[in-house]
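[1] sequence first, predicted coordinates after that:
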Amino acid sequence: MSKADTPYSDLEGRRAFVTGGAHGIGRAIAAALARRGVSVAVADIDLPAAQAIASEIGGVAVKSTCGAAHRSRPPSHMRSIRWPAATS
């Protein structure tokens, strides 16, 4: 199956904030999104591990220690992400 044939091919150029992204399922999700052309912010309480996966996938790392927030007012660590410039 080609990238264009997948249900996730429309994600290219989007941004994602993956919590728990340094290990396990979160890491796999971050990597899968990056393969689909998504700019990924990898958030985790383990900043060195988040930086490692972010470096591997071309994303950014964020130390995260917060709980949930409403999308109309994201936590300050989400507002301060320096996203890479759009590639398309």
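    Alright, I've got the coordinates. Numbering: from 1, shown residues only.

[2] every contact and neighbour count from this point should use C-alpha atoms.
    Fine.

[3] pLDDT below threshold where in this protein?
    Residue ranges of the chain with pLDDT under 70: 1-9, 66-88.

[4] and the helices in it?
    Counting by DSSP state H, one finds helices in the chain at the ranges 24-35, 47-57, 76-79.

[5] what's in contact with the first one?
    Looking back up the chat, that one is helix 24-35. Contacts with helix 24-35, where a contact means C-alpha atoms under 8 Å, 6 or more residues apart in numbering, come from 11, 16, 18-21, 39-40, 42, 53, 57-59.

[6] likewise stretch 41-48?
    Outside stretch 41-48, the residues that reach it (C-alpha under 8 Å, 6+ apart) are 15-22, 30, 50-51, 53-54, 59-65, 81, 83.

[7] of those, buried ones?
    15, 17-22, 30, 50-51, 53-54, 59-64 (16 or more other C-alpha atoms under 10 Å).

[8] residue 50 touches residue 61, doesn't it?
    Yes: in this structure, residue 50 is within contact of residue 61 by C-alpha atoms under 8 Å, at 5.4 Å.

[9] pull out the buried positions in stretch 40-54.
    Quick answer for stretch 40-54 (16+ other C-alpha under 10 Å): 40-46, 49-54.

[10] once you drop chain neighbours, what's closest to residue 37?
    residue 12 (4.3 Å; C-alpha to C-alpha, 6 or more residues apart in numbering).
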